[in-house]
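Asks: Here is my input; please provide its structure:
(2 chains)
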Amino acid sequence: MRSAMNNASSPAEENIPLIQVLGLTHAYDNGTGPIVVLREVNLGIQRGEMVAIMGPSGSGKSTLLSILGLLMIPTAGSYTVLGRDVLKFDRSSQASFRRTYVGFVFQRCNLIDTCSVYENLEFPLIYAGVKRSERPARIQDALARVNMSHRLHHRANQLSGGEQQRVAISRALVNNPLIVLADEPTGQLDRMHGELVMDHFEQIMSDGDKAVLIVTHDAQVASRCTRVCLLEDGALKSH
Amino acid sequence: MPRKSIFFDILRISIHQVIMQRRRYLGVILAVALGTSGFIAIITMGRDVKRTLNRDLDLLGGATLIRAYLDAGHKYSKTQQFQPETIEALRAMPGIEAVSAIVSKPSSHASVQRCNVDFHVVGADGSFWDVNSFVPVKGSFFTAEDVSHKRRVCVLGTKLALKIFGDADPVGRMCWIENEQYRVTGVLGGVAVGDLVDFGFIPITTAKEYIPGLLPPQKLYIRCTSWDDVKKVADAIPDVVHRLQLTDSLRIEVKWEELKRVKSMAWWVELFVYFSTVATLILGGFGIWNGMMATVTTRKAEIGLKKAIGAEDRDILAQFLVEAVCLSFTSALLGGVIGRGALEIGSYLLKSRPQDTLFFTCVGLALLFSLVLGAGAGFYPSLRASHMEVVNAIRDE
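Replies: Numbers count the residues shown, from 1 in each chain, chains lettered A, B, ... in the order given. Predicted coordinates for the structure are as follows:
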């Protein structure tokens, strides 16, 4: 899978959307009947784009993000990354896809409290099979991009909310993924820290090779993205 | 391109997690450690405990005491006796703790001042008392040194002492036996003594020197190490004796009924102890299982996160399995330390010390068993963690 989906894009790949979603539908049964969360969603995202997905609570934003990160499989539709149908992957390939191509930033940061900042950033590198000798430099580099180098050996629960979110961003970037998926990354931050986080995302975009998808309720966050998609009642209304 | 092996990283992560959550696991660790230390103590000290127990039980029945004698009723028996090399060969036999040979004279004469008494005198060696599990009611018994130096010392049965000295304490006093003066070192009595309360005992070497008309050594008292040895020793004695001397009147006397009862009682005690140990270890296993199930439930968010950042099912399985094994291995190590402490205390109390190689073999076995226990008890919780759906796990905080 890794050889077929290489980070370095060939000329032919340049025209292929990084992410292509067609007719994506997701429903589940809660016992009283099927509940449709996503309805026929079509979405294409190119490298270098920072897309905001907005919509009211329960509109399916987080579900869409989970499907794009292969955390869950949709009921129907297709999802390709660089032209490859990733929905056909088995569990092992899904894990490989996540550690190679996707960086997640969660609303609650999801750092492991009992581990240090270094250890939290080391986990993605361990699962990606990065040599131990290479890890410190990559971790330092990822932390430096969010100005958190000085907190390298602090425990995660010793950091403020803003600092935790910046560490979570650097954890998402440490494997240099093509796709960054952020679920309300500024939801628990004050305005100033929210702006800082968005600065970091813009910095990530600066090389023009990656795509960032941000689920947000915040219009100010959305205004800093290159495109805004509105999700209502599971359907993509505008993009 | 296949991913590099991350086993050592997973091992490091697991050890870190066990250390971080040590308070949660404390009860489980103690349970497994106690079970392991019990196992180590039973295996290493079992034989010594059994030896002490059978010695104590013998006060009531003498189940591990074998009497070998040359039948006095036989036509050639008066000229027959146990040869020194036969006695030495019996002492060297496996399963025999001690052998004591005696000589005797049925009618001897003792006196103190105006009191004259006829009694049965026995010449015994220094191990006679231990072999028969005798304890003095007053003073002390003569020793192997007294025997080797042919000292004129004696031990009197309680009834004989009463006849000679009346109510006065005989210990340290002098009496005449067959016209030679002897110092009384102690008085023999108690439940197991039987009709020996009428007997007088002097060192076997002294008896051979000073007592005329003494019968040769025709009776041996053989103490087995434990009741498990009695049958094989009783079966082997005739072969050893007949190989070294000519005799046709050897008789072996074993208290089979007492032996059967003691073995039956000991079997129940052993069963109870083994059952308790196994029960503790099984409970420890359930403890690990239960602790790991609780861990998996409370760490759902961590599992989800790790999967989201690229951990495969087998990575999660390996991490929790290694955590469970670390837990049981640590417990077994602690059990080894506690077991060592129990062994030191047991050695002090029993006044005997098992071989260190046996102890370390037991610790090795316990560590091996702990690996199986940890892997067995931790497998299902680990499997459950590895099969957890990512999105459900990661939303759980």
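Asks: what's the longest helix in the chain?
Replies: In the absence of a named chain, this looks at chain A. The helix that spans the most residues within chain A, counting by DSSP state H, is helix A:191-205.
Asks: if you could check chain B rather than the one you did, that'd help
Replies: In chain B, ranked by residue count with DSSP H as the criterion, the top helix is helix B:256-298.
Asks: if we can go back for a sec, now for the longest helix of chain A, which elements pack on it?
Replies: Using 3 or more CB pairs under 8 Å, 6 or more residues apart in numbering or on different chains; DSSP states H and E as the contact definition, the elements that helix A:191-205 packs against are strand A:50-54, helix A:161-173, strand A:179-183, strand A:211-215, helix A:219-223. No exception for glycine: its C-beta is placed from N, CA and C like everyone else's.
Asks: Kindly recompute the last result at 6 Å.
Replies: Contacts defined by 3 or more CB pairs under 6 Å, 6 or more residues apart in numbering or on different chains; DSSP states H and E place helix A:191-205 against helix A:161-173.
Asks: How about the helix it packs on, which residues are buried there?
Replies: A:162-173 (16 or more other CB atoms under 10 Å in any protein chain shown).
Asks: returning to that earlier point: buried residues, the longest helix of chain A. List them.
Replies: For helix A:191-205, a neighbour-count test (16+ other CB under 10 Å) marks A:193-194, A:196-198, A:200-201, A:204-205 as buried.
Asks: Equivalent analysis for stretch B:93-103, please.
Replies: Going by neighbour count (16+ other CB under 10 Å), the buried part of stretch B:93-103 is B:93, B:95-103.
Asks: What helix or strand is the residue in chain A that chain B sits nearest to located in?
Replies: Here the residue of chain A nearest chain B is A:R99; by CB to the nearest CB that distance is 2.2 Å. Using DSSP states H and E, A:R99 sits in helix A:91-101.
Asks: Find the residue closest to B:K159 in space, skipping its chain neighbours.
Replies: Nearest residue to B:K159 in three dimensions, chain neighbours excluded: B:V197, at 4.1 Å (CB to CB, 6 or more residues apart in numbering or on different chains).
Asks: my guess is the one you found meets B:V155, correct?
Replies: No - applying CB atoms under 6 Å as the test, B:V197 and B:V155 come out as separate, 11.6 Å apart.
Asks: Tell me if B:S5 really is in a strand.
Replies: No - applying DSSP: H, G, I helix; E, B strand; the rest coil, one finds B:S5 to be coil, outside a strand.
Asks: what's the burial count for residue 39?
Replies: Chain wasn't specified; assuming chain A. When neighbours are counted by other CB atoms under 10 Å in any protein chain shown, A:R39 registers 19.
Asks: my bad, chain B
Replies: B:F39 has 23 neighbours, counted by other CB under 10 Å.
Asks: helix/strand/coil for it?
Replies: Strictly by three-state DSSP, B:F39 counts as helix.
Asks: gap between it and B:F275?
Replies: Going from B:F39 to B:F275 by CB to CB, to the nearest Å gives 12 Å.
Asks: and what of A:Y101?
Replies: Between A:Y101 and B:F275 the computed distance is 57 Å (CB to CB).
Asks: Which of the two has more residues huddled nearby?
Replies: Comparing A:Y101 with B:F275 by other CB under 10 Å, the one with more neighbours is A:Y101, at 25 against 10.
Asks: correct me, but the more buried one touches A:V180?
Replies: No - applying CB under 6 Å as the test, A:Y101 and A:V180 come out as separate, 10.1 Å apart.
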